[in-house]
Structures are given as C-alpha cells and as structure tokens.
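I'll drop the sequence and a predicted model, then ask my questions.
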Amino acid sequence: MGVQNTAPFPLEATGEFPAPGMTAPGSFSFSDDDTHLTYLLGEPADPWQRLWEMETTTGTTRLLLDPGDEGIREASLPLTETLRRQRERNRATGVASYVRAQSAQLLLIPLRNGLYTLDGLDGLDGRDAAIQCVMEGGDIQTPALSPTGDAVAFVRNGEVFVASLAAPKRRQPDALKTTPRTTPRQITHGGRAAGVTHGLAEYVAQEELARREGLWWAPDGRWIAFEEVDEGAIPRFVIPHLGLGAPEPQAREEHHYPFAGAANARFRLGVVAARGGAPVWMDLDFGEEVYLAQVFWRRDGALGAIVVNRPQRTLWLVRFNPSSGQRTTVLTEHSDLWLHVPARGLIELETGEYVWASERSGFRHLYVYAPSGELLRSLTAGEWVVDDLLAVDLAGQMVYFTGNRDDPREKHLYAVPLTGGDIRRITPEPGTHDVVIDHGCRRFVDTWSAVDQPPVVTLRTLADGARLHAVPTSQDPRVEMYQLTPPEFVTLPNRGGDLLYGAIYRPDPAFYGPGPYPTIVSVYGGPHAQEITNSWGRMTANLTLQYLRKLGFLIFALDNRGSARRGLRFESALAKQFSRAEVDDQVDGVRWLVAQGWCDPQRVGVTGWSYGGYMSLMCLAQAPDIFRVAVAGAPVTDYAGYDTAYTERYLETPATNSEGYRASSVFTYAEAIRGKLLLIHGMLDENVHFRHSARLLEALIHANTPVDTVFFSDERHMLRFAPNRVYMNEQIVAYFLTHL
C-alpha cells in the first residue's frame, strides 16, 4: 500500500482526553424547586472540571466552584477510589462528582482532602456561594447527603459514618475552608473483620449490575439502609505491581474476585438509625443464591428492592418492613434466557400504583401495575426497546422515557399517557439524546449528538421540546482543525437473514482511489453493548480509527447478533456459547464488503478491546482465511477466568455448561492461530486480569506460534494516562502498516 498520511492531526492526538467535541457539560442536577440547574464542565484545552449553575428561567450562568489544588487528580487517588472509577469508566478530574440534597439547596462535593458542602444557590452572584469543609483525612467512599441536607453518610475503612452539617459561612467560590466542622460518628460495627464491609457494593454489583452504592437514606432522614458484604469465602487474587522499583519493589494488590462457577460474596441488607444503634436485618432468604440488584425507599416508608437469582432468570420485586425485616413479594418475573435490570425500571406513584419496565415480551417495555402486583395495562409495545424510564407526571397523566422506537441506532425522548394511548416523540433531531427531566416535569436537559454533530446541550420545554436556553460550552477548535469525517452507515443481512447494522470509515479516494482497500474491522461483538449508534463520541470522535482511515485503511464496524437494544431474540445467539455467532456475522460483513468492491480480501485485519480483544483473537483463530492480522487489547481468553454475574448470565456455570465454556475459550483454538497477532494488556487490570494474556502467551509459545506484545506495568482495564495511550496507538498503527 502506498501510504500517504493525510490526517490533519498528529498521532499524539489519539491519546487526548476528552476526544474532540466531547468537552460538553455533564452531571446535570435540578434544584428541588427547579429554579437552578447545576453541572460540571471543563475546557477543550483543559479538561479540569468546574462546577457551574444555570438559572432556569433566565438562562444566566455562573461559576460555583473551581477546586484549585484540592481537585481530583488520577495519580493522587487512593486505591479504593481508583478501582471505583474503573467500574464507572470515569477519567474526570477537578470536580469529578457531586451530590445534591433531595429537598434542600445544598451540594456535597468530594475533593482531594475531604468532603465540602456548597450552599447559597438561590443567589445569582458568585460571591454568595459558600464552601464548608465537612471533614478531611481518611479514605472516604460513596458519600451521600440526607434528604434535607443536614447530615452526610459515607464509608471509611469498611464502616458507615454519619456527620451532622453545620450552617456554612459565606465565602468566595474559589476559597475552600479546610477546618473540619464536625466529628463523624460511626454507626455500623464489625466491618473491619477480614473481607467484611458495610455500606459498599460488592464487585459484581458495581461492575456488572450497575449498582455502585451500598447505603441509602430514608426519606425522613432518620434511618439508613446499608449492605453488609462478606467476601471471606472468595479466595484472594493477587496483582503484583511489577513495574515499581525501590523503595517498594514488593507492592501488590489483593482482590476477592468471584470467578465463574465459584463462590460469590455473601451479603445482608440492614437498616440502622442515623444516630446509630443495632441494625435490623431484612429477610433475604429466597431458597437460593441471589443478587441484590437495586435498593430504594418507598413512599410509605417501607424499604424496596429488586432481587435476581444467580442464574439471572428469576426476578423478585419485594418490600421490607424496616422495623422487623419481614419481606413481602410484590411481583415475580421469569425468563428462559436471562433478565436485564435497567438502571431505573420502577417509578412508584402517589396512588400506590407503579410504572414498571419489563422484558416480558422479549423487548423492554413499560407497564402499569397495581400496588398488589396485578398487571393493569401496558403502555408501550413493539419490536423496539425502552432504554430509560425517566419520569411520571401524575398531574399531567404522562410517562416520559427514552428509547429507539424510530431507529435502533438512535435514542429519543418520548411521552405516553399514563392511561395508555399514542406515543409522542419529543426530541426532533435525528441522533442520540441523553435526557435529564426536572422535578416538576416542565423542562429537560437534552444532550444531543449525531455522527455529523458534536454534542449540543440545551434546556428545553417538556411539553413540545422547544429550546429555552443553550447550556454554554467552549467551542472545541479540534473539531474543525482535525477535519473528522463521519462514518457512513450501512445495513446488510447475515447468512441467516438477520439485518445487521454497520459503519464504514472510507479512505479519501483522491489519495487512494476507489478501492478495494486494506481493511481493519473494529469490533466489540459481545452482549450488553452497542457500537453502531448515530452519535458523535462513539463514532466520529474515535481518533484512532480516523487516523487509520487517513492512512488508507477502510475501517469497518458491525453490531453482530448478541449486541444490545435489539431484543432478547437477537441477543439469544450468544446463549451458552460465545464467539461462533459473532465471528460468523463479522465474516459475513467482510464478505459483503468484498462484494461491494471496497475490501481487499487478502488484507483484512481486526482489532478490539476487552470483549473486542477476545473477538479479535477468535476471528484470527476461527476464520484465518478471512483475517490475517489481529490486535487484541485486554482480552478474556477463557471465561472460566471471568466473573460470576456477567459470565453465568450468558454461559451458565462451568459445571452445568462445560462444553459451552470449552467452545468459548480461546485456548480451544489457540493452535489454529496463524496470522500476525499483537497482544496488549495492562498488568494491573483487576477486571480482565493480565493472567488471561499471560496464559495465552504460554499457549502460543508451546504451539510455536509467533506473537508480539505490548504490556503496561502501571495500567488497568481502562488506560488512564495519555502517554500510555499514545504509545499504544503508535504500536497499533505501526503493526497494521507493517503487516496489512
């Protein structure tokens, strides 16, 4: 290939974070009276986030807090916070997060040396903002404000503490008062025993069930529900820090990692008075092992929860008497395949009825249930998916949700009458809309992007989607400077007639002609994810793919069977065995490209990360006549070495589905690998352990199969440091240039 680098940006730009156009406001929160909107925002040349506020009537904005030297920095975080951010895939710095009280004008802000509160949000002058230090020192985790903002609960050293909040003194918005205002009191005990914590979610809840909290304030602020986690039955998995020199050459981490088919953490759900005392334990005896998927307080003062069994085929919606722990089952659902619990699948109404998101039809839709658990009516139906249940306006008798009713690649805000009826789309622009609705169901924040549109954030009316105010952000000069060309969407059938969605990044024909081109398949392939979306960040702002396109490669991405937002039947191709259906679909995609005259069949490579790394290996091993080069990042090589909640959902256990695990393992096909392979992994990866790549390396050596490697001694599953990302991309680009 006659390579001409036509990229208007250097390779070093591929390590930038955020990506071009992605420095948009985020973490939106409306005040309890909806008069103010707070959010976090950095700058294109400075991703350090600051806390901002908009007055929702006038659109006036002001800076609330620049944290200065007390802001969050990746390199200075304690291990527990580093691991939590890995679960969230969070690289934010500065003000990385904040918490709002439900019924008070108070914000809680975790910073480098402790927790701070910010008050005075009713003013429009930054001089009225107030910062108060709550406490400093120690390893503070998962802070949560009481509903009225008069206390904060958090976890330190595996125990729950509560601190009362004194009235703050008025200060400048950039001045942080560092004197502790109150002494926290410990309200749980016994958690310092080996492997036992109070108030923290266990690993699989954080990583696989999207539940990252382990304590919950009651609406009246008098009680706190908390999870007790005992990981003592899980053997310790040791991760040595091999890249360290003196004075700490023996540093290492120890994790209780629940491998598929092996022991999970044991847990209890308790309720304790906010002032302390003996906890009351809720009845969680379901006659089998379960996961605690969600916990919430109900309007009537009862504690609610969504519980799924370990195979994740049965779900219970339950309520507990917090005084006695007695459990009542409200409803039960069962699937012959598996169940997904959405981040918010339930909204309880003042009438006692509730809106519930269920996949009972094979697609997630909304239903109204009586307090007794009796199904009253369905609100949505069809071969499309409800993504998020957002709000119910009881006065206006409307339910608001996001979904892909118009196109599986898009996400829009919709409304449907609570009594049932026609569904109305509110967001008009094609693309992806992420939405936050205010408490009164009058306005919403809309973060909209498309492949040809970087994110735009506006405040809109909920009634008709009309724009009220733009949420200000600095223009990112890189969008124009880098001349990013949006990919082209394509559709194609696989060999079984299923419709698949793909995207093509085509080389510039002025430099490289009409094709065929050497082709790189960018793949993820696994369940619970979707790559082909009409969005800027996932598609157009991928600088590595854009750079390779500018070098003359045709880049192709395809959502094979098993990917998300297409319904359970589409996902079911992965039941009990990974890789075969996905590789077949990716092969069909390459053959389709060849038939169009775009792909040179003798020069096809594949690359991906995590499940995409696994897929890259399987494409090379199972279809060596199609794929000649693979770059596999952080791959799972044997699913018996991955975690319980993810793996068993799709493959059952190694004991009940040994053939499925064998057929899904890279080692089963390792001797068939003949193409060029570059293996990349972070040696501190606590999600997909470096052990996966180490074992594969050993198998390839025994098979006398050449392999190239790039291993990072100080990186985890998500590469945190820009120099490492640049170095990795340099190796990937060079590898494809050399071998494809």
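Yep, that arrived.

which stretches of the stretch 301-450 of the chain form strands?
303-309, 314-320, 327-334, 346-348, 354-358, 365-369, 375-378, 386-393, 398-403, 412-417, 424-425, 432-437, 443-450 (DSSP state E, counting those that start in this stretch).

Need the contact partners of the shortest one.
It refers to strand 424-425. R405, D406, H412, L413, Y414, A415, V416 (C-beta atoms under 8 Å, 6 or more residues apart in numbering). All C-beta atoms are positioned from the backbone trio N, CA, C, and that covers glycine.

what lines up beside it in the sheet?
strand 412-417 (antiparallel) (DSSP bridges).

Now the strand it pairs with: buried residues?
H412, L413, Y414, A415, V416 (16 or more other C-beta atoms under 10 Å).

Wait, the first one touches D434, no?
The one in question is H412. No. At 10.6 Å, H412 does not count as touching D434 under the criterion of C-beta atoms under 8 Å.

Overlap of the contact sets of these two?
T402.

Can you pull the poorly scored residue ranges out of this structure?
1-4, 120-138, 166-182, 193-194, 245-250 (pLDDT under 70).

what's the domain layout of it?
Split into domains by automatic domain parsing, the chain comes to 22-186, 485-739.

which of those is buried the deepest?
Among the domains of the chain, the stretch with the highest mean neighbour count (mean count of other C-beta atoms under 10 Å) is domain 485-739, at a mean of 20.

Quick one: distance of it to the chain centre.
20 Å (C-alpha atoms, centre = their mean, to the nearest Å).

got a list of what I239 touches?
R252, E253, E254, H255, M683, L684, E686, H689, F690.

ok, so of those residues, who is nearest R100?
Comparing the contacts of I239 against R100 with C-beta to C-beta places E686 closest, at 30.6 Å.

Which phi and psi values does the closest residue to that closest one other than its chain neighbours adopt?
The shortest distance from E686 to any non-neighbouring residue, by C-beta to C-beta, 6 or more residues apart in numbering, is to H255 (5.5 Å). Backbone geometry at H255, expressed as degrees, to the nearest 10, gives phi -120, psi 140.

Can you tell me who H255 pairs with across the strands?
Bridge pairing for H255 - DSSP bridges - gives F237.

any idea how far it is from R691?
Separation of H255 from R691 (C-beta to C-beta, to the nearest Å) stands at 12 Å.

how about E253, what does it touch?
L79, V238, I239, H241, L684, E686.

So which of the residues you listed are in strands?
Residues of those located in strands (DSSP state E): V238, I239.

Kindly indicate which of the contacts of E253 lies nearest A96.
For the contacts of E253, the nearest to A96 is L79 (16.0 Å; C-beta to C-beta).

Tell me which residues touch that closest one, please.
E253.

do V523 as well
Counted by C-beta under 8 Å, 6+ apart, V523 has contacts A557, L558, Q586, V606, T607, G608, G612, M615, S616, C619.

Now it: closest residue in space, sequence neighbours ignored.
Closest to V523 by C-beta to C-beta, 6+ apart is G608, at 4.3 Å.
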